[in-house]
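S.K.: below are the sequence and a predicted model for it; my questions follow.
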There are 2 protein chains.
Amino acid sequence: MAKKYVYLFSEGNGTMRELLGGKGANLAEMTGLGLPVPQGFTVSTEACTKYYEDGRNINSEIENQIFEALAKLEKMYNKKFGDPSDPLLVSVRSGARASMPGMMDTILNLGLNDDSVEGLAKKTGNPRFAYDSYRRFIQMFSDVVMEQPKEKYEKILKEIKDSKGYTSDTELTADDLKGIVDLFKDNYKKQQGEDFPQNPHVQLLEATKAVFRSWDNPRANTYRRMHDIPYSWGTAVNIQIMVFGNKGETSGTGVAFTRNPSTGEKGLFGEYLMNAQGEDVVAGIRTPNPISKLKEQNAVLFDQFEKITQTLEKHYRDMQDMEFTIEEGKLYMLQTRNGKRTAKAALKIAVDLVSEGMIDEKTALCMIDPKQLDALLHPQFVPSELKKSDPLTSGLPASPGAACGQIVFTAERACELKQQNKKAKLILVRRETSPEDIEGMNVCEGVLTASGGMTSHAAVVARGMGTCCVSGCHAITNIDEEGKFMDIADKKLKEGDWISLDGATGLVYDKQIPTEPASLTGDFKTVMDWADKYRTLKIRTNSDTPKDTAQAVKFGAEGIGLTRTEHMFFDADRIMPMREMIVSKTVDERKKALAKLLPMQKADFKGIYEALEGRPATIRFLDPPLHEFVPHDDDDIRDLAKEMNLPFEELKHTIEGLHEFNPMMGHRGCRLAVTYPEIAEMQTTAVIEAAIEVNREKGWNIVPEIMIPLVGDVNELKYVKAIVVETANKIIEREKVNLKYLIGTMIEIPRAALTADEIATEAQFFSFGTNDLTQMTFGFSRDDAGKFLNDYYTKKIFESDPFARIDEKGVGQLVQIAVEKGKSVRPDIKLGICGEHGGDPATIEFCHKVGLNYVSCSPFRVPIARLAAAQAAIKNPKKTK
Amino acid sequence: MAKKYVYLFSEGNGTMRELLGGKGANLAEMTGLGLPVPQGFTVSTEACTKYYEDGRNINSEIENQIFEALAKLEKMYNKKFGDPSDPLLVSVRSGARASMPGMMDTILNLGLNDDSVEGLAKKTGNPRFAYDSYRRFIQMFSDVVMEQPKEKYEKILKEIKDSKGYTSDTELTADDLKGIVDLFKDNYKKQQGEDFPQNPHVQLLEATKAVFRSWDNPRANTYRRMHDIPYSWGTAVNIQIMVFGNKGETSGTGVAFTRNPSTGEKGLFGEYLMNAQGEDVVAGIRTPNPISKLKEQNAVLFDQFEKITQTLEKHYRDMQDMEFTIEEGKLYMLQTRNGKRTAKAALKIAVDLVSEGMIDEKTALCMIDPKQLDALLHPQFVPSELKKSDPLTSGLPASPGAACGQIVFTAERACELKQQNKKAKLILVRRETSPEDIEGMNVCEGVLTASGGMTSHAAVVARGMGTCCVSGCHAITNIDEEGKFMDIADKKLKEGDWISLDGATGLVYDKQIPTEPASLTGDFKTVMDWADKYRTLKIRTNSDTPKDTAQAVKFGAEGIGLTRTEHMFFDADRIMPMREMIVSKTVDERKKALAKLLPMQKADFKGIYEALEGRPATIRFLDPPLHEFVPHDDDDIRDLAKEMNLPFEELKHTIEGLHEFNPMMGHRGCRLAVTYPEIAEMQTTAVIEAAIEVNREKGWNIVPEIMIPLVGDVNELKYVKAIVVETANKIIEREKVNLKYLIGTMIEIPRAALTADEIATEAQFFSFGTNDLTQMTFGFSRDDAGKFLNDYYTKKIFESDPFARIDEKGVGQLVQIAVEKGKSVRPDIKLGICGEHGGDPATIEFCHKVGLNYVSCSPFRVPIARLAAAQAAIKNPKKTK
């Protein structure tokens, strides 16, 4: 039997989303429920896939099935497609498995031509209606099917209206519209080089192809990448008989939600317009009525509609977003789907549906998009103020939240101004940030960079800090640090000027827009409590400071999965001893410099332990190459030489000696501890002494977890571990305490994953450093990949950013290998992930499935991770430990 | 039963090398053959391992076993250790599984003390002999066991001789020697802080420990790393009863070979000294006699010895290197082993042994160390001239061969001088070379660099070219390109000065030493023919020029495994269009520049195809990041801007835009073709048109193999392949020929190996790029790793350089994964290796075992690879394809 590519609505049902798309499946489901749905059929997503396989061509089999279904429709309604006396007219709509903006939307009134328009006019006795429908069809077909510029058509319409002195479309007469149709057809021919297609079959095939084609347009591709929707899914096409909301004052059209999509409040919410077609509601030329008005206008119909909406909500057990049309007093349902909603509404609806007994907690948890919660966790612009503001320009939405402050161009200046005035609100504007800017970033409300992508230094650090960041703002054409101004979108902004950033949209405003702090409602707490009940993954946080740690604990973190000890060394009061350490020529000199760092590092760890209130912390030893801590241009080196009392030439030589061709793969991580065991000694001393002191002061029982980074061979770990153990045990003995501690490693080098069975003999825990693991596995330098990854997206080599969502096939395979090998020699090995992927819901599900014990993410991602972990546990019940 | 750690010679045999070491196993074997061997026992290699496990301590169990064996020895010879009337004396010698210089060698006369020396004097009636033995023992014990400076002892000896007016040691009387013994003991106490040990048991344990300890000294570790000897093997200790060659004129000692170790000629070869102990032969104070002289002196003994040597050679079926001692007219065999030999001798001996019917061809092949052949493949200094020359300094032996030429400090200058005088012999001296120097390197006889290791750019490129190179010559403290001179080892050498480099030793001579070209003897050919008979791996070469290709074909290459198409673009006449291509702003501009490169590239390929005479060639498309092709300092950019008629600022901006943080993981390989498909189009055109033209001209049937580099995801390959196929098929159609071609990929990104099943659906062949694969798998930047890898060796984290010998555990695991996954979807996929590892015998064996079809290596490694492949096939017979 030939493959079935086309399904009548009566042949499908709501479970067939994959094949029929969301819209198609729901139309079939509503048909099954006996609701008043204009009938039609769906060309399946498989037909779309076939279209691409066949070189963007609809093969004859699919074509035949389409026309067979059409014939059934003709029979059902006893009308003929293209009939000059009483034509069957259809709408054509796209409908992917997931609702997806960016694709072709809708073509109405298809089937009209110069003959059938007359039939329609006669049949309805309403030539104005018929020609209005025809001109709309030509306009839509030209625009969405043929991709002609729509301005031309709007111009024609406007010229006619102007010449007649009309202010509204409704004033156009049938003759006016007839004239417009002629002008439209002329323009079509001019644009297209051929006549507007009169054959309705050609119209239908062209429209179907246009839907398929739109699956692959750049906007759709971008949307898919952002939302992890596979290209391979394809879209379906829904062909449905027309009902008309524009047949006069007893006709109309509207959209409605069963609950308020902004607040989640229960009750019908929506708007409608009488004597209108779909696009009129959206176009904003006429102001629609609130749905409640319908009750006054037509109580019977309103009741019927309300009952249907309640039926649908109960049927789908979720808030519904519906489109309807009233044709000459008769109600038709054109679409229903689970409605999109704000984060706040998502929480309220989930909680309400549970208390209404409609769904259980697990279902409620799975209804909420974890990523959406982000919006509730950061300061936001006061909505009313935002509404009044026009953005100056935009960049990439690199780290969410809203920030408003005065411009400053260097990190040092930011620190200086903050010291002068603790209440100063500052925005740091840089070409790109570097590790030396961290302290400055920390005192600012937000960060704006001219270059760099979503994974640039600024973006990564800002997300870690929970600081708002807009990166890659190319409208900044010049930053003059000395002159303290920048050129941005043809304006000159100087230090002290107010600027506002929206980290969620990337928009930049050259004015002050007040912000309000995040407020977590009771629903939020309820949902988080449910999540904790069902998840099996622990959630830890990546945090380097007591402040971030406290924030994460507030958000529900159960410990720290990654403390980067180097971030502490960039502080102004530490960088000098760090530099002394680096330029040391002997072990003694180095130890002397390290001795200066020890009390500071110990104090850091004590602060973090205190903020954790007894929760565990994994502390990673020094990781970055040493050249990140020293200046590189001659003037700065000269200053430093003076400060350190060293000859300039000597210091320059030392610094040049630190240069590396590929620092990512250079002298860093455990390689530093191999060369300079003194560093590991100092850090061990700081960790162990801090734990002992806090345990003593608080009566807690902290078990420090020391993590050796960048291990690729068990011998590296063995060597560094020996130093740690010797140092730690000496202190424990001296202090006469009974302190347990763990030693583990990051798995971030492919070889570590491949030889994890060897490494696990020495490591008590593994933490997957998926940032570096992704870099090495792909051979992509994260700092450089931005240059070519865009080509990868446009050429469909990659569908998603491997630095945002874990690449399960490659990187994930290594994680899986490491998990299996690690457990084979140490069944109780503790396994976690601390790369940036740790906050990504899809990655969290992967981590759950693969059997990790915890994920660690930045503080502001903790609630997201809690929810995602619960969803993973619910969706994969058998994999629960 | 307790573990047996100590074996009498009569308890062992020649097969027990692993346990007893080479020397111990052979002493046992000779004992079994009934040869006159002074008896003794061997402390096993397992005892050595235990010693290290126990924290460098000989445990009581081993100690007991040693003294039990000693007791048996005492019984056998009816003497007592330390007996004041007739003491048992022993020698203590190290003996690892493989012969290994760098470790402790020998202690003689152990067991002497102030009492037993008197016993020895009385028993032998020769107090001079007794005290001479005692002072030698103290001297050796102090030096090799206690690691005291030996100069002190030599000074004492010299002072006594001087004070007495003696010119030779033999003039020392018994009383003189007695006095020397006292002075030696005084000095020992001063150095050691305690008396010279009088207890022979203490002497024996200390000496045994010293042997074990010497397994871990830096020289031994370095030697092991160079020769791939695992640290875990450990060494055995041989304790053997003393026989004395210094008991007067009927005593003596010597070494002999059954064949000449330099030439391979059959016949006893060696030397001896009467009235001497072992070290006298080596010390060079007295001139030893040729072994033939022994026949004159003592025909009976000579006959006995000659017979023994023949017995041993027949028994071991290999040339033997033997030590013997004559004690008062009685012959003793102290050691036999397969003798070390020159490459030339190795070939001759192997061929001779086969024609003598002693061994078969397979055994002969396995007797030859493939690495040794290298010495026969490059020009060498005329030996007589070399003997007369003292080196000025040394660097790392980065690429073998000998070179003599006039100094030049820049690649451009080298090209210039070569153009002026085709016969000029030049040596390029650089701080470190860069890709722009390649043409200059190519016209020079040799390359000397001040920095950079064995895997620096200069070293890698020179080895590829077969050009002699000494790298990392730190004695070069300054190179002044403008002034055209350098400071090297306190001398100033200027352009035009003659210098000679030995790439095999790293020695640098500041004079002219004539060289002679490599000459392959008939034996070489015979051995290569045998190798070809037994090997199943094909041997290809890495070559970018017709000249190198011709050389490789002469050496037996069966095709090209890797042509790096970018090397061609560094030539002076190509770099300009290449740069035009790089700075192009539009596709059209880029195509215009590429069009200039096309005829050149096509001519390259034609030349290579012609040199291959119909053999296959794998051509890799453009790989390095584009910034390697442009200048980076302002002056050069200014020059280029002028030349290109571009504003300086614009060009600088373009060039800065190419900068990458980690170029190794940046915009290179197939990523370039994704961004600039035009490059792949041009290169495809060049490859295909060249093949068609050469096929037409020669009537050959070349099947071009196009290799897409740096693929990490099948979609990358798919994308680039589509371009190649479209371009190629268009040409084939246009030319109306029937040309087949293959498209494959490098597997050099970990992810490619992990997803090889997907990639193999598109790739017709895989070539393992183990250089990059090693970099990514370890996360080691080859350009930077030199800085820390030394610490890895000294701290025993690594035993060998993963860039020289494939890391089987990690990188090899990925190769294996890729082989299995690749074959699972394409059983006939062609598999090869083209990294530098391709010339390493251990790696070749791995490639054989893992099922590759071919290895590809630099031209000068081809004969080595042929032999290594034969050995792999012989050693692993079942794994044959």
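M.R.: Sure, I can see it.

S.K.: so what's A:P546 up against?
M.R.: A:G607, A:I608, A:E610, A:A611 (Cβ atoms under 8 Å, 6 or more residues apart in numbering or on different chains). Quick note: C-beta positions are derived from backbone N, CA and C, even for glycine.

S.K.: tell me the spacing between A:W700 and A:E613.
M.R.: As judged by Cβ to Cβ, to the nearest Å, A:W700 and A:E613 stand 8 Å apart.

S.K.: where along the stretch 551-700 of chain A do the helices fall?
M.R.: In the stretch 551-700 of chain A, the helices defined using DSSP state H, counting those that start in this stretch lie at A:572-583, A:587-612, A:634-644, A:648-657, A:670-675, A:677-698.

S.K.: dump these into TSV; add mean pLDDT as well.
M.R.: TSV is the format used below for those (pLDDT from 0 to 100):
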stretch	mean pLDDT
helix A:572-583	88
helix A:587-612	95
helix A:634-644	90
helix A:648-657	90
helix A:670-675	95
helix A:677-698	97
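
S.K.: for chain B, find the nearest of those.
M.R.: The minimum distance between chain B and these falls on helix A:670-675, with 5.0 Å, by Cβ to the nearest Cβ.

S.K.: ok, is the closest one in contact with chain B or not?
M.R.: Yes: contact between helix A:670-675 and chain B, assessed by Cβ under 8 Å from any Cβ of the partner chain, occurs at A:R671, A:V674, A:T675.

S.K.: returning to what we had before: out of the contacts of A:P546, which is most surrounded?
M.R.: A:I608 (24 neighbours; other Cβ atoms under 10 Å in any protein chain shown).

S.K.: what's that one in contact with, if anything?
M.R.: Counted by Cβ under 8 Å, 6+ apart, A:I608 has contacts A:S543, A:D544, A:T545, A:P546, A:T549, A:I560, A:T563, A:A617.

S.K.: max pairwise distance over those residues: which two?
M.R.: A:T545 and A:A617 (12.2 Å; Cβ to Cβ).

S.K.: looking at these two, which is more packed in?
M.R.: A:A617 (26 against 18).

S.K.: residues touching the more buried one, list them.
M.R.: A:G559, A:I560, A:T563, A:F605, A:I608, A:Y609, A:I702, A:P704, A:E705.

S.K.: for A:D502, what are phi and psi?
M.R.: Per-residue torsions, A:D502: phi -110, psi 100 (degrees, to the nearest 10).

S.K.: the nearest residue to it once chain neighbours are set aside - how many residues pack around it?
M.R.: Nearest non-adjacent residue to A:D502, counting by Cβ to Cβ, 6 or more residues apart in numbering or on different chains: A:A402, 5.4 Å away. Using other Cβ under 10 Å, A:A402 has 25 neighbouring residues.

S.K.: and the gap between A:A402 and chain B?
M.R.: 31 Å (Cβ to the nearest Cβ, to the nearest Å).

S.K.: can you list the weak-confidence ranges in chain A?
M.R.: A:1, A:102, A:281-285, A:455, A:464, A:519-521, A:878-881 (pLDDT under 70).

S.K.: what do you get if the cut-off is 50, keeping everything else the same?
M.R.: Chain A contains residues with pLDDT under 50 at A:879-881.

S.K.: re the thing from before, deepest-packed of the helices of the stretch 551-700 of chain A, please.
M.R.: Among the helices of the stretch 551-700 of chain A, ranked by average contacts under mean count of other Cβ atoms under 10 Å in any protein chain shown, first place goes to helix A:670-675 (a mean of 24).

S.K.: how about the helix or strand harbouring A:E46: buried residues?
M.R.: Secondary structure from DSSP states H and E places A:E46 in helix A:45-53. Under the neighbour-count criterion of 16 or more other Cβ atoms under 10 Å in any protein chain shown, helix A:45-53 has A:T45, A:E46, A:A47, A:C48, A:T49, A:K50, A:Y51, A:Y52 buried.

S.K.: what about stretch A:442-458 and chain B, touching?
M.R.: No: Stretch A:442-458 lies apart from chain B when judged by Cβ under 8 Å from any Cβ; the minimum separation is 10.1 Å.

S.K.: run the chain-centre distance for that stretch.
M.R.: The chain centre lies 18 Å from the centre of stretch A:442-458; the measure is Cα atoms, centre = their mean, to the nearest Å.

S.K.: how long is that stretch from one end to the other?
M.R.: The first residue of stretch A:442-458 is 11 Å away from its last residue (Cα to Cα, to the nearest Å).

S.K.: chain B contacts on the stretch 751-881 of chain A?
M.R.: Within the stretch 751-881 of chain A, the positions near chain B by Cβ under 8 Å from any Cβ are A:751, A:754-755, A:758, A:772, A:775-781, A:783-785, A:787-788, A:791-792, A:795-798, A:807, A:809-811, A:813-814.

S.K.: among those residues, name the ones in strands.
M.R.: Among those, none falls in strands (DSSP state E).

S.K.: assumed A:K293 was part of a helix.
M.R.: Yes: A:K293 forms part of a helix when assessed by DSSP: H, G, I helix; E, B strand; the rest coil.

S.K.: what's the distance between it and chain B?
M.R.: Between A:K293 and chain B the distance is 53 Å, computed by Cβ to the nearest Cβ.

S.K.: got the contact list for that residue?
M.R.: A:Y272.

S.K.: quick one: what helix or strand has the residue in chain A sticking out farthest from the centre in it?
M.R.: Farthest-out residue of chain A from its mean C-alpha position, per Cα atoms, centre = their mean: A:K122, at 51.9 Å. Using DSSP H and E, the element containing A:K122 is helix A:116-124.
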